[in-house]
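Peer 1: Could you look at this predicted model? Sequence included:
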Amino acid sequence: MEERHLWPGLRLGLRARITLAVTLVTAALSIAVWLTTVTVARQTLLDSREEAVTRRAQSNSAVISGRDLAETEASEVQTTLSSLSDTERPSVVWNGGIDDVSLDPRYTADDIPPEMLRLALEDGEGSIMRFQFRDEPLVAVAVPISNQQAAYIEVSSLEGVQTAVRTISTALLAAVIASALAAGFLGYWLSRYTIRPLTRVTDAAEAVALGQLDTRMNYSEYEHDPDLAPLVANFNMMVQTLEERIAADARFASDVSHELRSPLTTLKASLQVLENNREALPERAQQAFDLLDSDVERFTQLVEDLLEISRFDAGAVRLELDDVALVPMVRATISNLTHGTVEVLHEPQLEDTIIACDKRRLARILANFVNNAEKYADGATHVSVERHQGRPDGEPSVRVAVEDSGPGVPEELREKIFDRFNRGDQGGSRGADVGVGLGLSLAAEHARLQAGNVWVEDRTDGGSGARFVVELPLLEVHPSELEEDLSAATPEATSNLTLTGEHKAIQMSNPGEFP
Amino acid sequence: MGDNTGVGTTILTVEDDERIRTSVRLALEDEGWSVEESDTGEDAISKFGQVDADVVLIDIMLPGIDGFEVCRSIRRQSDVPIVMVTARADTHDVVAGLEAGADDYLTKPFAPKELSARIRAMLRRARTPSPGNPHLTFGELEVAPAEGVVTRNGEPIHLTKTEFRLLVELASQPGLVLSREDLLEKVWGHGVFGDGRLVDVHIRRLRTKVEPDPAHPTHVVTVRGLGYKLQG
C-alpha cells in the first residue's frame, strides 16, 4: 500500500492526521460561512442605506423644486437647505452647474462626481453613486429638478456601514478561529475513541511479541461493529495460528526426542550386556564397542539437550527453587563430575550460605562448564565460588567460575559460543571430541531462567585460559524451623518464593501443555 | 539378614516395548536376578499375584491401564518396592508416580547400572532395616527399627518399606537435621544429583500416617534451608 503524505518527509500519526483533517475541514467551512456572511451583511447594509438616502433625496428635492432657482439668491437656497430636517449633507446645483450651494462647508459641487452632475443637469436623470472623498466613503444621490437644469444632491457617509461590517467581520473571524480550535480538540479527543481499538490491537500484538501467545482480543466487545469485527476476528485467528504453529514446532521437537528415548533405552541396556561380556569380545570388536558406547552416550546427551531446548522454546519451563547450601553443593557436583580432581575455592563467609536456586539447573550449568573445559583445555584447573555486589540492580550475587588453562576464548567469540550449535573454533581444532554446541546455550537459558547470567572471560590471574562464570542472584535463606507444612504456611512465608522450605515449582507459562 | 540382593531375587518388569523389555531383562539377568515380564497393565496386575516379585519396574505409558493405575493397584495389596519408568522428568509425571505409591523413578533412557543400583538400594531397604536402639520414643510415637514396627499411642502404624526406612534414618539421629541429600543417599542410595522431590513426597506421605495433624506436623519437622528432623 502506497502512502501519501502532505509533505514528503512529514509523517504524521493516525491520530494527528484525524485531528488535522477535522481542524482543516472545520476551518474551511467556517471561513466560507464567514466570507458569505460578511458579504451578505455588507450588501444588505449598503442597500438599506442607499435606499434611505434615495428616499430622503427625493422628498427633500421636492422642497427645492417648488422654486424658480434662476431667480433665487444662493443665500436663500442655503437657508432653505438649512431648514431641511431629514438630511445629512444636502447640496443644490442650478443654472446648468454655474451656481451651487452646499450645506457642508467641506465640499462643493466640484467635488461631486462630474458624471453624476452631467446625468442630472444635461439628461435630467437621477443617479446614485458611491465614491471616496478625502478617505471618507460616501454615497451620493442626485435628483434632477425638472425644467430648471438643476439638481438636488444628497450625500451621506458610509463610515457607519463600514464600521458595522468590520465589527461583524472581526467577530465572525474570532468565531472561525474558535471553532477551528474547538474542532481540533474535539478531533483529538474523538480520535482517541476511534483509535482505541487500534491501541488495544497494539497492546495485544506487543504481548504476543513478548511471548504471551495465549493473548486474545475480546471479540464480543466488537462483534456489532462492522468495521472492527473483522480486524479483531482476524487478529485472533492470526495469533491462534501462530500459537498452534509454535506449539506444533515445539511439540515436534519434543515428540522426536521422546521417540528417540525408547530406542536409546534399548541401546543402553544392550550395550550394558555387551560391556558385561566385553572381555569375551575380540580386540577389534572391543574397540568398536567403546566407540559405540561413547557415541550412544553423546547421542543421549544431544537428545536430552534438544528436549530441554524444546521445553524452553515451548515456554513450558518450570523453575524449581530449592534451598541450596551453595558451597557444599558446588563441591559435591564438581567432585562428582571430575572424580575429585578439581579443587573448589570459596570465600570463607560463603561456607554456610544457603541460597534459593534451581539446583538441577545450576548442576547442569556446572556440568557444561566442566565438560567444556575437558573438551577444549584438558579439564578445569579449579572452581571458585565468590560473592559480588555488582549486579545491575545493585543486589548482591554469587558467582561460580570454572577456570581452565587452555587456549582461552578469543574476544570476538565470547558471546557467540553461547549460541546454539556454535562451538567457537569452527575447525574443531580444540580436540577430537567436539561437542554439539547445545550445552553452553542451554547453560545460558538455565541461568537466565533464574535471573542469572553466564559469560566467559580471561582468567583473573592473567594466565592463559578461560574462565566460565555463572552468576545468580544471592537469594539468601536463613535456616529456621518451620513448625508446619507449606500447605498450611502463613502468607508471609509463602509470598516470598525465595524462602520456601520445600520445593516450589513456578510455572513460567502454558501450564501443562508440554512435557 | 545378610546380603539377599543377589540370587533368588525376582524382578517384575512392566513395559510394552518388547525391545526395551528384552534388553532390560538381559541386563538385569546379568546382575543375577530373575526377571518376569509383562507387556500390559492388566497382565502385570494378574501376574503380580502369581510371582513373588521383590521389586516391580513399571513403565508409565502403557496401553490400556496406565502405569499409575498399575502402581496404585499393586500398592493396595503389597509393600513391594516399585520403580516407575517415565519418558519425561517433569514434575507432573514424577510427583504423580510417587503419589501413586512408587518408591523411586527413572527417566528413559536410563543407564542399566543406575537401574541396578536403585534396585539394590531398595532390596537393602526392604530386607535389612538399619540396626539401632531397640526402641526410640518421640512423644506418643515409638519406633522399633529391628522389628520393623512403628506405633502411635501403642497402635501399630502401617508404613511402606521406604517410609519406614526414612523414619528410621530420621529417628537414628533424634533432633538432628538431615538434609535432603543425606536422606537421598541413606534411603535411596542416590548420588548428588538425586531428586529432592523423592524426599518431599515421601515425607508428606509419612506425615499423613504418623502425625496427629499432618497439616501441622509436630514430629517430622521441616527446618527451612536445611532439611528435616524428627522430634518428640
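Peer 2: Cool, the structure landed.
Peer 1: List the buried residues of stretch A:155-169.
Peer 2: By 16 or more other Cβ atoms under 10 Å in any protein chain shown, the buried positions in stretch A:155-169 come out as A:155, A:156, A:158, A:161, A:165, A:168, A:169. Every residue, glycine included, has its C-beta placed from N, CA and C.
Peer 1: and if you look at stretch A:341-351?
Peer 2: A:342, A:344, A:346, A:350.
Peer 1: What is the neighbour count of residue 204?
Peer 2: I'll assume chain A. Using other Cβ atoms under 10 Å in any protein chain shown, residue A:204 has 19 other residues around it.
Peer 1: actually chain B
Peer 2: 18.
Peer 1: Now tell me what touches the helix or strand containing it from outside.
Peer 2: In this structure, residue B:204 is located in helix B:196-210 according to DSSP states H and E. Residues from elsewhere that reach helix B:196-210, judged by Cβ atoms under 8 Å, 6 or more residues apart in numbering or on different chains: A:322, A:359, A:485, A:502-503, B:91, B:94-95, B:98-99, B:104-105, B:141, B:150, B:152, B:157-159, B:162-163, B:166-167, B:180, B:183-184, B:187-188, B:190, B:214, B:217, B:219-220, B:222, B:228.
Peer 1: just the helices in chain A please.
Peer 2: A:14-65, A:74-83, A:114-122, A:159-209, A:229-276, A:283-314, A:326-338, A:359-377, A:439-449, A:491-495 (DSSP state H).
Peer 1: brain fart, chain B
Peer 2: Going by DSSP H, chain B shows helices at B:18-30, B:41-50, B:67-77, B:91-99, B:112-127, B:161-171, B:180-183, B:196-210.
Peer 1: distance of residue A:449 from residue A:102?
Peer 2: Distance, residue A:449 to residue A:102, using Cβ to Cβ, to the nearest Å: 105 Å.
Peer 1: what about those two, which has more around it?
Peer 2: Comparing residue A:449 with residue A:102 by other Cβ under 10 Å, the one with more neighbours is residue A:102, at 21 against 16.
Peer 1: residue ranges with poor pLDDT in the stretch 151-300 of chain A?
Peer 2: In the predicted model of the stretch 151-300 of chain A, no residue satisfies pLDDT under 70.
Peer 1: Contact residues of it facing chain B?
Peer 2: A:258, A:261-270, A:272-273, A:276, A:300 (Cβ under 8 Å from any Cβ of the partner chain).
Peer 1: Show the buried residues in those.
Peer 2: A:258, A:261-262, A:264-270, A:272-273, A:300.
Peer 1: Can you give me the domain assignment for the chain?
Peer 2: No chain was given, so I picked chain A. Chain A is divided into the following domains under automatic domain parsing: A:15-163, A:211-314, A:318-507.
Peer 1: looking at chain B here, not the other one
Peer 2: Following the assignment in automatic domain parsing, chain B carries domains at B:10-127, B:136-230.
Peer 1: Check the ones you listed for me: which has the lowest mean pLDDT.
Peer 2: Mean pLDDT per stretch puts domain B:136-230 lowest among these, at a mean of 86.
Peer 1: before we move on, back to that, can the domains of chain A go into TSV with extra columns for distance to residue B:15?
Peer 2: Output for the domains of chain A, formatted as TSV (distance: least, Cβ to Cβ, whole Å):
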stretch	distance to residue B:15
domain A:15-163	65
domain A:211-314	9
domain A:318-507	26
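Peer 1: which one is the most centrally placed residue in chain B nearest to, not counting chain neighbours?
Peer 2: Nearest to the mean C-alpha position of chain B, by Cα atoms, centre = their mean, lies residue B:103 at 2.5 Å. Using Cβ to Cβ, 6 or more residues apart in numbering or on different chains and skipping residues adjacent in sequence, the residue nearest residue B:103 is residue B:162, 4.4 Å away.
Peer 1: Equivalent analysis for residue A:152, please.
Peer 2: Using Cβ to Cβ, 6+ apart and skipping the chain neighbours, the partner closest in space to residue A:152 is residue A:61 (3.6 Å).
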